[in-house]
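Chemist: heads up, no residue letters with this:
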């Protein structure tokens, strides 16, 4: 289900809405047919279920999604070798060049860095540590305690068939400390971290590696997967 729907829009699956609406209508009809105080109470329950189905929103689902945070998993094929793609990403200072949701990445040491995003006039900052580094194949990092949010990420590289270049798979996982949205800036950030945005960022990376520069108006790559809410981090 789309990220925005999980957070601020309709978040109940269509099949569940239909079933809930039918059950709610049936319970309401039974309650009204009894013509008593108890019947009115039953009808109220049914009406509530029907209203929930009509609105398509569940606070329980929304709170559960907020606790889990968001994990986005995407892939893109780049006309370059795995080592070439790895070298561009491994220089973390390159990330803001193609990832618009990242304002800056300051490298502090060979394994630690400071990340900054900006939303709604506010900055969210955290420090990250590289926990796995296999040149040309795999890079994994995670946030250190004390930041504005918890984040972990992973890239995996493999040769594409028929000498088509390199398949880059990216997994990004964000969620606030404690699993609750406590800041509007964080809410806006996760809302905007959509399928289109991540796809466009990978398209910019592809053009940066293949041509050495990034043009405006780049369409998102087609060989990508949709983002989803997950309880686990990138592995």
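Modeler: Nice, thanks for sending it over. If you're wondering where the values come from, they're calculated on a predicted model, not measured in any experiment.
Chemist: quick one: pLDDT of residue 151?
Modeler: Listed pLDDT for residue 151 reads 84.
Chemist: okay but residue 164 is in contact with residue 77, surely?
Modeler: Yes. Contact criterion Cβ atoms under 8 Å: residue 164 and residue 77 qualify, at 6.0 Å. (Each C-beta comes from the backbone N, C-alpha and C, glycine too.)
Chemist: more crowded one of these two?
Modeler: Using other Cβ atoms under 10 Å as the criterion, residue 164 and residue 77 rank with residue 77 on top: 17 against 11.
Chemist: Remind me what the helix or strand containing residue 29 packs against, helices and strands.
Modeler: Take DSSP states H and E as the rule and residue 29 turns out to sit in helix 14-34. The contact analysis (3 or more Cβ pairs under 8 Å, 6 or more residues apart in numbering; DSSP states H and E) places helix 14-34 against helix 37-55.
Chemist: Show me what the helix it packs on packs onto, helices and strands only.
Modeler: Using 3+ Cβ pairs under 8 Å, 6+ apart, the elements in contact with helix 37-55 are helix 14-34.
Chemist: okay, the angle between the helix it packs on and helix 37-55?
Modeler: When axes from the mean of the first three to the mean of the last three Cα atoms, to 10 degrees is applied, the directions of helix 14-34 and helix 37-55 differ by 160 degrees.
Chemist: quick one, strands of this structure?
Modeler: Along the chain, the segments classed as strands by DSSP state E run 70-78, 104-107, 112-119, 122-134, 138-143, 150-159, 166-175.
Chemist: The fourth one pairs with which strands?
Modeler: For strand 122-134, the paired strands and their directions (DSSP bridges) read strand 112-119 (antiparallel), strand 138-143 (antiparallel).
Chemist: What are the contacting residues of the helix holding residue 29?
Modeler: 12, 39-54, 56 (Cβ atoms under 8 Å, 6 or more residues apart in numbering).
Chemist: same thing but 7 Å
Modeler: 39-40, 42-43, 45-47, 49-50, 52-54, 56 (Cβ atoms under 7 Å, 6 or more residues apart in numbering).
Chemist: which of the residues you listed count as buried?
Modeler: Neighbour counting with 16 or more other Cβ atoms under 10 Å marks 42-43, 46-47, 49-50, 52-53, 56 as buried within those.
Chemist: for the helix holding residue 29, what is the average pLDDT?
Modeler: In this model, helix 14-34 has a mean pLDDT of 81.
Chemist: And for stretch 76-86?
Modeler: On average, the pLDDT along stretch 76-86 is 95.
Chemist: What lies in contact with it?
Modeler: Identification of contacts with stretch 76-86 by Cβ under 7 Å, 6+ apart yields 135-137, 139, 157-160, 164-168, 202, 206, 209-210, 221, 223-224.
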